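K.L.:
A predicted structure for the sequence below; I have some questions about it.
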Amino acid sequence: MRTSSHFLQALVMVALVAAFPALPMRAQSAPLSLGDAIREADQHAFGNRIAAATTAGDRARARLPLKGILPSARIEAGVVRTTDPIGAFGTTLRQRLVTPAAFEPAKLNYPSAVTNAQGGLVLEVPLMNGDAWLGLRAARAAADAGEAAGEWASVSTRTDVVRAYYGAILANAKAGVLAQAQQAADAGARQVRAMVAQGLVTKADALQASVRASDVAAQLLSAHSDALTARQQLAMLMGRTTAELPTLPDTLPEEAAVLALATHDTAAVSASGTASGTASSTGEIRDDVRAAQAGVLAATTDRRRAASTMLPRVNGFARYDWNDPRTLYGGQKNWTVGVMASWSLFGGNAELAEVAVTSARADAARAGLDAARAQSRLERDDAARRLTVSLQRLTLARDAREQSREAYRLVQKRYDGGLATIAELLAAESSATGTALAHAAARYAVIDAIATWRRASGGDPAALTALDHSTTTAR
């Protein structure tokens with residue numbers, strides 16, 4: 001006996017479409033484009049916000065050495081009352097109140113308490129502080145390193161957003177296919193059970209149809225969970241702190257658009273040869289390598305700063321002072337101008353210890369730069385291979401999908417002619433559904449490989465926003 005082919009045809013036709021339908025979506029919001037997702041992540045992604053704050057702090061910290069370079073001015077004010085013989089006589093002298101009586105030995109030895117309201121205006125001018133200038137250079141290089149690291153974090157976030165965005169679309173599409181396949185499988189299983197009661201098919205046929213329907217239902221449960229998780233991951237990468245999930249397009253970008261973008265990038269792979277350098281095809285150096293280079297400059301400059309602390313320092317100063325028994329900034333003013341040179345000859349070996357510490361940091365920074373360059377070459381070569389392999393796998397997946405369609409058509413004809421069993425027909429349907437899903441997964445793998453190549457080669461993954469116009473919008 002043979003079942004009517006209607007339920008099996010309904011079961012597979014949806015699964016064999018070239019473009020996947022999406023899960024039913026609520027229509028309260030417009031679909032999110034990749035460009036919008038990246039722009040939102042650029043502003044609100046948690047990693048980007050942390051990196052931006054860190055960079056701002058590094059830039060502010062780089063201004064601290066200016067204290068030893070730029071002139072400084074301050075205002076002083078204070079009130080002192082003393083019976084110290086030297087202090088009392090000096091205060092009287094500063095106030096210009098000295099009389100012959102002030103020189104009496106008794107008053108000099110046992111002065112009455114004297115009050116002084118002192119005001120001052122002080123200007124200090126650094127003249128030769130080598131450690132401050134080198135410290136400024138080191139701090140600015142460290143800030144440059146932090147800024148480059150922040151830009152690398154932004155590029156990495158964009159790569160993750162591209163993966164999550166299209167991964168969520170793929171998950172939605174898979175769930176949509178399985179949802180409709182389950183409807184068809186359930187309807188077919190009911191039809192077979194009815195035909196068993198009529199004696200048109202065997203009980204084994206009904207059991208096989210039920211097993212297939214159960215298998216599709218189990219896959220659908222996992223697909224729904226995966227689709228929800230994928231959308232939550234995308235929302236988190238974009239920096240959303242609410243439970244609002246993005247509405248996404250129905251399908252992945254058209255294969256022709258994906259291939260066109262991949263062809264452009266594979267040409268860049270070919271132009272770069274084995275990708276043995278650290279720069280992209282446009283000559284740009286990866287931000288993580290730039291951060292390591294700036295780190296080396298900061299560390300080596302800081303070592304020179306530590307060594308310069310053993311050199312003399314020269315600073316100038318000028319000040320006005322007012323001294324009065326009762327009023328701040330009262331009385332007559334006096335001024336002082338001077339130049340001070342200082343040279344620390346020995347500070348308990350602290351200077352030599354600091355030189356040793358900063359030298360070790362410079363060695364570590366140079367090792368870090370070598371590691372960053374090696375990591376860049378490794379990731380670049382791996383990304384180039386992944387892009388080539390993903391394109392080859394897409395071709396194989398496309399061929400497999402077409403072949404499985406044709407195989408199902410042939411088995412269907414054999415089944416209609418009584419030459420194939422229902423098990424063979426169900427197997428052909430399962431294979432056709434699997435290859436259709438695999439073809440979509442292979443298309444996503446190419447998109448992922450393009451984003452990975454862009455990041456690894458120093459490019460911008462946001463270039464994949466060119467695929468937005470080839471993506472079907474959500475219904």
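P.N.:
Cool, the structure landed.
K.L.:
quick one: Glu244 and Ala235 touch, right?
P.N.:
Yes - contact criterion Cβ atoms under 8 Å: Glu244 and Ala235 qualify, at 7.0 Å. C-beta coordinates here come from the backbone N, C-alpha and C atoms, glycine included.
K.L.:
Which one of those two is surrounded by more residues?
P.N.:
Shown here are Glu244 and Ala235; by other Cβ atoms under 10 Å, Ala235 has more neighbours (21 against 9).
K.L.:
give the contact list for the more buried one.
P.N.:
Taking Cβ atoms under 8 Å, 6 or more residues apart in numbering, we find Ala235 in contact with 244-246.
K.L.:
Contacts for stretch 48-55, please.
P.N.:
With Cβ under 8 Å, 6+ apart as the criterion, stretch 48-55 contacts 41-42, 143, 146-147, 149-150, 153-154, 157, 239.
K.L.:
For the longest strand that the chain contains, which strands pair with it and how are they oriented?
P.N.:
Assignment by DSSP state E gives strand 114-128 as the longest strand of the chain. If you go by DSSP bridges, strand 114-128 pairs up with strand 72-82 (antiparallel), strand 313-324 (antiparallel).
K.L.:
so what does the helix or strand hosting Asn172 touch, helix or strand wise?
P.N.:
Using DSSP states H and E, the element containing Asn172 is helix 130-197. For helix 130-197, the packing partners by 3 or more Cβ pairs under 8 Å, 6 or more residues apart in numbering; DSSP states H and E come out as helix 6-13, helix 34-44, helix 46-61, helix 203-237, helix 287-308, helix 422-456.
K.L.:
make it 10 Å
P.N.:
In terms of contacts (3 or more Cβ pairs under 10 Å, 6 or more residues apart in numbering; DSSP states H and E), helix 130-197 is packed against helix 6-13, helix 34-44, helix 46-61, helix 203-237, helix 287-308, strand 313-324, helix 350-416, helix 422-456.
K.L.:
between it and helix 34-44, how many degrees?
P.N.:
140 degrees (axes from the mean of the first three to the mean of the last three Cα atoms, to 10 degrees).
K.L.:
what is the rounded mean pLDDT of helix 130-197?
P.N.:
Mean pLDDT, helix 130-197: 86.
K.L.:
quick one: contacts of stretch 346-363?
P.N.:
For stretch 346-363, contacts defined as Cβ atoms under 10 Å, 6 or more residues apart in numbering pick out 138, 295-310, 344-345.
K.L.:
Please convert the contacts of Ala235 to a markdown table, extending it with pLDDT, distance to Val337 and secondary structure.
P.N.:
Formatted as a markdown table, the contacts of Ala235 follow (pLDDT from 0 to 100; distance: Cβ to Cβ, whole Å; DSSP: H, G, I helix; E, B strand; the rest coil):
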| residue | pLDDT | distance to Val337 | secondary structure |
| --- | --- | --- | --- |
| Glu244 | 83 | 67 | coil |
| Leu245 | 88 | 71 | coil |
| Pro246 | 88 | 68 | coil |
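K.L.:
In this structure Ala427 contacts Arg212, no?
P.N.:
Yes - contact criterion Cβ atoms under 10 Å: Ala427 and Arg212 qualify, at 9.5 Å.
K.L.:
With neighbour numbers in mind, choose between those two.
P.N.:
Under the criterion of other Cβ under 10 Å, the comparison of Ala427 against Arg212 puts Arg212 first, with 22 against 17.
K.L.:
How about that one: what's its closest non-neighbour residue?
P.N.:
Leu426 (5.3 Å; Cβ to Cβ, 6 or more residues apart in numbering).
K.L.:
pLDDT score assigned to the one you found?
P.N.:
pLDDT, Leu426: 75.
K.L.:
ok, now which ones touch Arg59?
P.N.:
Contacts for Arg59 (Cβ under 10 Å, 6+ apart) come out as 139-140, 142-144, 146-147.
K.L.:
And Asp131, by the same measure?
P.N.:
65, 68, 138, 304-311, 313.
K.L.:
filter those residues to the buried ones?
P.N.:
65, 68, 138, 304-310, 313 (16 or more other Cβ atoms under 10 Å).
K.L.:
does Lys458 count as helix, strand or coil?
P.N.:
One correction, residue 458 is Gly, not Lys. At Gly458 the chain is in coil, as set by DSSP: H, G, I helix; E, B strand; the rest coil.
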